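> Pasted the sequence and its predicted model underneath.
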Amino acid sequence: FDLTDDEVHCFNSLSTTEKPKRKANPNKKQWKQKSTKVVNGERIPTTLDEFANHPQRAEWFKAYFDELQNLKTHGVYEQVDMKDHPNAKPISTKLVCDIKTDQAGNTIKRKCRMTARGDLTQHGVHYTEVYAPVVQPETLRTMLALSASHGLKRLGWDCKCAFLYGKMERDVYSKLPRYWTQFENGSLSEDEQANTSGKIALLKRSIYGLKDGAHLYYIHFRQSMKKMGYKQSKIDNCLWYKGSLSTKDFICIMTHVDDCTVLASSQSLLDEFNTKISEVYVGTFDLDLKFIIGIAVNERDNGDVTIDQQKYTRDLLKRHNYTTTTGEPHHTHNTPLPTGAKFTAKLEEGERLLVGEEVTLYQSVVGGLLYLHVRADLSFAVGKLCRYMHAPTTRHMGYAKHVLKYLRGHSAVSYTHLTLPTIYSV
């Protein structure tokens, strides 16, 4: 969706127009959203009013109207009069903006998502089930090893606006996005207040932010896979497959919400998947799959597959200010844990329980380490640290920092799956 210069100028004037201020409710907690996230030196806006003064306002406007176009294409909103639904309690919406980067950290595009305030929804009123599985790390590593040993072709597929495919199971009402009526009418010069007064939206499709959004998309995707003839693995609900490795007609799909990793015995099977999935969903294909949910995948000339998580490791160290490698306390360690490390809940002399923000920091560090599932050298240390998430001590925090210092000197560790001549049937 492209904007003309006149439309951008018109929208600039609309987005900067002052709205009538409401009298603050003294009994309601007041909060103000602030834009603090910076990617590649660019501050990410959080509201439409910030777009007008942003250096990249044209691209952010385009990202916002692309999102409105997606909502319109999928038929997410059914505009209704509030007077016809007196018992409706519409939930508010929130604009979420971000910058998508590649493996090297370079900017790919700017994205906007119109999300619902899921924290305002209630169980039994707006939703009942929220469960939505994702592929297990062990499954992903196993299938990547099979792709190397059996010479499987790889393909990445990303579903565009995945949550918008889920069909709502209950009547949920939402407030309309700003300038939605003008966008539908094709005229941004119309008065905003006159067009949206007394109007709310009945959600016909799921939207990002709803607590059951991932669950509704999973139901839709599961039905689509079964119609295409794929079988669901009994070990991992997010592994779908057809055929057999022994007969050279094997294809499997591993799903992680809206990201799919496809492995197949031949290119013709990949082409068949592309054709069938494109009949149901709109998505993008990655023919040269190099990055899978935080894992870098590199194939050598002889067919060996090397995997690593160097980018995520660098981001984790940067998040906790462990990027400097010189000077105390910025030295590195050669082992994940110190020699003779003791893990016990009993307090020894000079130790104490962590409190307040210290507990939050410990949980953040250990939680971040859990995503380094490619790093087998960390499995013992992280497994031990996870046992004390509820009541960590100063000693446990010291061990967690020890792991970070080990990562600082060993962030480039990778694992290689070798090509094997023997073929096994599954």
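Perfect, thanks for sending it.
> So which residues of the stretch 301-426 of the chain form strands?
305-308, 414-417 (DSSP state E, counting those that start in this stretch).
> and those strands, which one is worst for confidence?
If you rank the strands of the stretch 301-426 of the chain by mean pLDDT, strand 414-417 sits at the bottom with a mean of 82.
> Please identify the most buried of the strands of the stretch 301-426 of the chain.
Highest mean neighbour count among the strands of the stretch 301-426 of the chain (mean count of other Cβ atoms under 10 Å): strand 305-308, with a mean of 18. Yep, even glycine has a C-beta here, placed from its N, CA and C like the rest.
> what lines up beside that one in the sheet?
strand 295-299 (antiparallel), strand 414-417 (antiparallel) (DSSP bridges).
> For this structure, identify the residue most remote from the centre.
For the chain, the residue at maximal distance from the C-alpha centroid (Cα atoms, centre = their mean) is Glu349, at 43.3 Å.
> Could you pull up phi and psi at that residue?
Here is the backbone geometry of Glu349 (degrees, to the nearest 10): phi -60, psi 130.
> quick one: it and Glu279, what's the gap?
In this view, Glu349 and Glu279 are 68 Å apart by Cβ to Cβ, to the nearest Å.
> Quick one: neighbours of His256, just the number.
By other Cβ atoms under 10 Å, the residues close to His256 number 16.
> Show the contacting residues for Glu184.
Shown in contact with Glu184 (Cβ atoms under 8 Å, 6 or more residues apart in numbering): Lys72, Gln79.
> Okay, now the unreliable bits of the stretch 151-300 of the chain?
186-197 (pLDDT under 70).
> That one: strands as residue ranges?
Along the stretch 151-300 of the chain, counting by DSSP E, counting those that start in this stretch, strands occupy 153-159, 173-174, 199-203, 231-232, 239-242, 251-256, 259-264, 283-286, 291-292, 295-299.
> Provide a list of residues in contact with Gly75.
Under the criterion of Cβ under 8 Å, 6+ apart, the contact list for Gly75 reads Lys204, Arg205.
> Let's verify it: helix, strand, or coil?
Of the three states, Gly75 takes coil according to DSSP: H, G, I helix; E, B strand; the rest coil.
> can you check Trp60 too?
Classified using three-state DSSP, Trp60 is helix.
> can you check the one 3 residues further on too?
Three-state assignment for Ala63 (three-state DSSP): helix.
> ok, the most centrally placed residue in the chain - contacts?
Against the mean C-alpha coordinate of the chain, by Cα atoms, centre = their mean, the closest residue is Val257 at 8.1 Å. By Cβ under 8 Å, 6+ apart, the residues touching Val257 are Ala132, Val134, Ala162, Ala214, Tyr217.
> need the helices for this protein, in chain order.
Secondary structure of the chain (DSSP state H): helices at 5-15, 48-51, 57-73, 137-149, 180-185, 192-196, 213-227, 267-278, 310-319, 357-370, 379-386, 394-409.
> Of the ones you listed, which is nearest Leu245?
Closest to Leu245 of the helices of the chain, according to Cβ to Cβ: helix 137-149, at 7.4 Å.
> List the buried residues of the closest one.
Thr139, Leu140, Arg141, Met143, Leu144, Ala145, Leu146, Ser147, Ala148, Ser149 (16 or more other Cβ atoms under 10 Å).
> distance of the nearest residue to Phe285 once chain neighbours are set aside from Tyr415?
Using Cβ to Cβ, 6 or more residues apart in numbering and skipping the chain neighbours, the partner closest in space to Phe285 is Trp157 (5.6 Å). Trp157 sits 24 Å away from Tyr415, taking Cβ to Cβ as the criterion.
> swap in Phe163?
The spacing between Phe163 and Tyr415, counted by Cβ to Cβ, is 33 Å.
> same check, this time on Met397
Distance from Met397 to Tyr415, counting by Cβ to Cβ: 29 Å.
> cool, Gly243 as well?
Gly243 sits 27 Å away from Tyr415, going by Cβ to Cβ.
> what do you get for Tyr371?
From Tyr371 to Tyr415 the distance is 16 Å (Cβ to Cβ).
> do the same with Asp301
From Asp301 to Tyr415 the distance is 18 Å (Cβ to Cβ).
> for Met228, same thing?
Met228 is 32 Å from Tyr415, where distance means Cβ to Cβ.
> Wait, Ala116 touches Pro90, no?
No. Using Cβ atoms under 8 Å, Ala116 is not in contact with Pro90; the gap is 9.8 Å.
> Next, count neighbours for the closest residue to Thr393 other than its chain neighbours.
Leaving aside its sequence neighbours, Thr393 sits nearest to Glu351 (Cβ to Cβ, 6+ apart; 5.2 Å). Neighbour count for Glu351, taken as other Cβ under 10 Å: 12.
> swap in Gly151?
Neighbour count of Gly151, defined by other Cβ under 10 Å: 12.
> So it is in contact with Gly303, correct?
Yes. The criterion here is Cβ under 8 Å, and Gly151 meets it with Gly303 at 5.8 Å.
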